[in-house]
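Asks: coordinates only, sequence not included:
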Ligand code: NDP
């Protein structure tokens, strides 16, 4: 193909630098298609930014099975040690806008699209094993408090702590967020977690509950608050640059992948509700079992085409990996594809970065940007007598029935001491230096909130661990006098 500049319909362009005018002093002509083609495309360059996880960086790589899990799952991409599956991973901050600093105190998104032979499996997690809330009804409210005040358009410590102190099941995630893990040293030195509980389903359709853990092979490395603040002004794209440069020079980051496995029958009697995403499963109860390794070895060729248009959803599942009753997961199963339809259009799965390598055959047709040939001349309805794709009739392909009982209703989680216990454990397992950083990080932020809000939150820290709460109170008093 020649290297001659063209219009979007492929006509050669004679002059790209000078618009057509009516004489030397006259107005620009509407007949100048090339100019209008160029400027009108530019006018439409931005698509809606993700409402959360707007700022991110991604890379291609692969997953390699290192341990046999066929007794747990029939997922074909996991059925042989040594098997490799291509993937695309995207890391992100959560609350900030697309141009915000990479080093902000925030959880980090950790999303991976596995292009398996049975379609795509997306593992859409965070760098934290838990989350702030456990009911999806609270999600829009929670995110609003992480964004900007409706009047001032500023981040607002009162909004932030008001909500968290009124929703105290957040304390565990708050403790992680204000530890130095809330400001990781880029994306390579952090772990990823499914956070939610999922189900693995084996060939006999037996179900085990699991959590996925991606442990960084680079080692955990965090920024102290002053380092993160300094980078926010000197190199706000620090994490994006760090990931790109490492891969570019052949230093391919890797994560060792583990699962925790719970027998289905143990779920009811376990001391924590295993579907409550504000809780972990302690390792001593459910040890990490290795399953594989993820390696990132290729940078995107084009940021927008690949990283920006990547559309992950926890509802993109393969046979052998299924959902659980985790309410936050249930809410996300709907919300993620919904936001992609809004952001990228109803045919978002046809965009090359999202397209399953194993192909698509169905009766979906038309809609904006149907760019895959629209499945040609094949029948557009089923059942049909014209050799269209057919269901496989294999029970358990995409879900396994699970026993339910009771009546429909709105069942509020009762707040108990258990909701504070794991935050207390996390506080106590930290070194003295880490505790001091945690306390100072919290005090520096919460001291901007009103006294009544501070006091309510400090009471929660005390309930997690009396020393933890007392130290936050003392540090705040030092700051506000
Ligand atoms: P263990 O005593 O077996 O191990 C402690 C865990 O804490 C390690 O996974 C460690 O991660 C992690 N950790 C250390 N510092 C922080 C921090 N600032 N923020 C988040 N995680 C940190 O853990 P248990 O399973 O008995 O759980 C104890 C506490 O550890 C939990 O309450 C929870 O807060 C935290 N935790 C537990 C996880 C789990 O799935 N069980 C996962 C992550 C954290 P690393 O191995 O990378 O050093």
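Replies: That came through, no problem. Keep in mind it's a predicted model, so treat the numbers as computed, not measured.

Asks: how about the nearest residue to the closest residue to the ligand within the stretch 51-200 of the chain, chain neighbours excluded?
Replies: Closest to the ligand within the stretch 51-200 of the chain is residue 179: 3.3 Å, counting by C-beta to the nearest ligand atom. For every residue, glycine as well, the C-beta is placed using N, CA and C. Leaving aside its sequence neighbours, residue 179 sits nearest to residue 438 (C-beta to C-beta, 6 or more residues apart in numbering; 4.9 Å).

Asks: and the helices in the protein?
Replies: 33-43, 139-146, 157-166, 171-178, 225-234, 238-248, 303, 327-343, 418-429, 432-446, 451-464, 466-480 (DSSP state H).

Asks: could you pull out the buried residues of the longest one?
Replies: Along helix 327-343, these residues count as buried under the neighbour rule (16 or more other C-beta atoms under 10 Å): 327-333, 335-337, 339-340, 343.

Asks: can you list those residues in TSV and add distance to the ligand and pLDDT?
Replies: As requested, the buried residues of helix 327-343 are exported to TSV (distance: C-beta to the nearest ligand atom, whole Å; pLDDT from 0 to 100):
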residue	distance to the ligand	pLDDT
327	19	97
328	16	97
329	16	97
330	21	96
331	22	97
332	19	97
333	22	96
335	24	96
336	23	97
337	28	96
339	27	96
340	29	97
343	31	96
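
Asks: what's near enough to touch residue 234?
Replies: Counting by C-beta atoms under 8 Å, 6 or more residues apart in numbering, residue 234 touches no other residue.

Asks: what does this protein have sitting close to the ligand?
Replies: 129, 176, 179, 181, 191, 220, 280-284, 422, 425-426, 429-430 (C-beta under 6 Å from any ligand atom).

Asks: which among those count as buried?
Replies: Of the residues of the chain next to the ligand, these count as buried by 16+ other C-beta under 10 Å: 129, 176, 179, 181, 191, 280-281, 422, 426, 430.

Asks: of those, closest to residue 257?
Replies: Closest approach between those and residue 257, by C-beta to C-beta: residue 191, at 10.4 Å.

Asks: that closest one contacts residue 126, doesn't it?
Replies: No - in this structure, residue 191 is not within contact of residue 126 by C-beta atoms under 8 Å, at 9.6 Å.

Asks: confidence score at the residue of the stretch 51-200 of the chain closest to the ligand?
Replies: At residue 179, the predicted lDDT confidence score is 98.

Asks: again, but for residue 399
Replies: pLDDT at residue 399 comes out at 80.

Asks: OK, contacts around it?
Replies: 322-323.

Asks: show the backbone phi and psi for it.
Replies: Here is the backbone geometry of residue 399 (degrees, to the nearest 10): phi -160, psi 160.

Asks: also the one 10 residues further on?
Replies: The phi and psi torsions at residue 409 (degrees, to the nearest 10) take the values phi 180, psi -180.

Asks: check the gap between it and the ligand for me.
Replies: 30 Å (C-beta to the nearest ligand atom, to the nearest Å).

Asks: count of neighbours near that residue?
Replies: 6 (other C-beta atoms under 10 Å).

Asks: and the pLDDT for it?
Replies: 95.

Asks: where do the contact lists of residue 191 and residue 126 overlap?
Replies: residue 110.

Asks: residue 239 - how many residues pack around it?
Replies: Neighbour tally, residue 239, other C-beta under 10 Å: 28.

Asks: touching, it and residue 90? I think so.
Replies: No - the pair residue 239 / residue 90 is not scored as a contact, 11.9 Å apart, by C-beta under 8 Å.

Asks: list residues touching both of the two?
Replies: Shared contacts of residue 239 and residue 90 (C-beta under 8 Å, 6+ apart): residue 57.

Asks: residue ranges of the strands in this protein, please?
Replies: 56-65, 84-93, 108-116, 119-126, 192-193, 198-201, 207-216, 254-263, 289-298, 321-322 (DSSP state E).

Asks: including mean pLDDT, could these go into CSV?
Replies: Converted to CSV, the strands of the chain look like this (pLDDT from 0 to 100):
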stretch, mean pLDDT
strand 56-65, 98
strand 84-93, 98
strand 108-116, 98
strand 119-126, 98
strand 192-193, 98
strand 198-201, 97
strand 207-216, 98
strand 254-263, 98
strand 289-298, 98
strand 321-322, 96
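
Asks: list the contacts of the least confident helix or strand in the chain by mean pLDDT.
Replies: Here the helix or strand of the chain ranked lowest by mean pLDDT, DSSP states H and E is helix 33-43, holding a mean of 94. Contacts to helix 33-43, defined as C-beta under 8 Å, 6+ apart, come from residues 7-9, 11, 13, 16, 19-20, 28, 30.

Asks: and what of stretch 341-354?
Replies: So stretch 341-354 is contacted by 47-48, 50, 88, 113, 120, 305-306, 309-311, 340, 355-356, 360, 367-372 (C-beta under 8 Å, 6+ apart).

Asks: please pick the buried ones from those.
Replies: Here, 16+ other C-beta under 10 Å leaves 50, 88, 113, 120, 306, 309-311, 340, 356 buried among the contacts of stretch 341-354.

Asks: farthest-separated two in those residues?
Replies: 50 and 356, at 21.7 Å, using C-beta to C-beta across these.

Asks: where's the closest residue to residue 317 other than its chain neighbours relative to residue 280, distance?
Replies: Spatially, and ignoring its direct neighbours in sequence, residue 317 is nearest to residue 121 (6.2 Å; C-beta to C-beta, 6+ apart). Note on residue 121: its distance to residue 280, by C-beta to C-beta, to the nearest Å, is 23 Å.

Asks: and for residue 80?
Replies: Residue 80 sits 30 Å away from residue 280, going by C-beta to C-beta.

Asks: burial measure for residue 345, as a count.
Replies: Around residue 345 there are 15 residues (other C-beta under 10 Å).

Asks: give me the phi and psi angles of it.
Replies: Per degrees, to the nearest 10, the backbone of residue 345 is at phi 100, psi 160.

Asks: show the pLDDT at it.
Replies: In this model, residue 345 carries a pLDDT of 97.

Asks: next: the one 4 residues further on.
Replies: On pLDDT, residue 349 comes in at 97.
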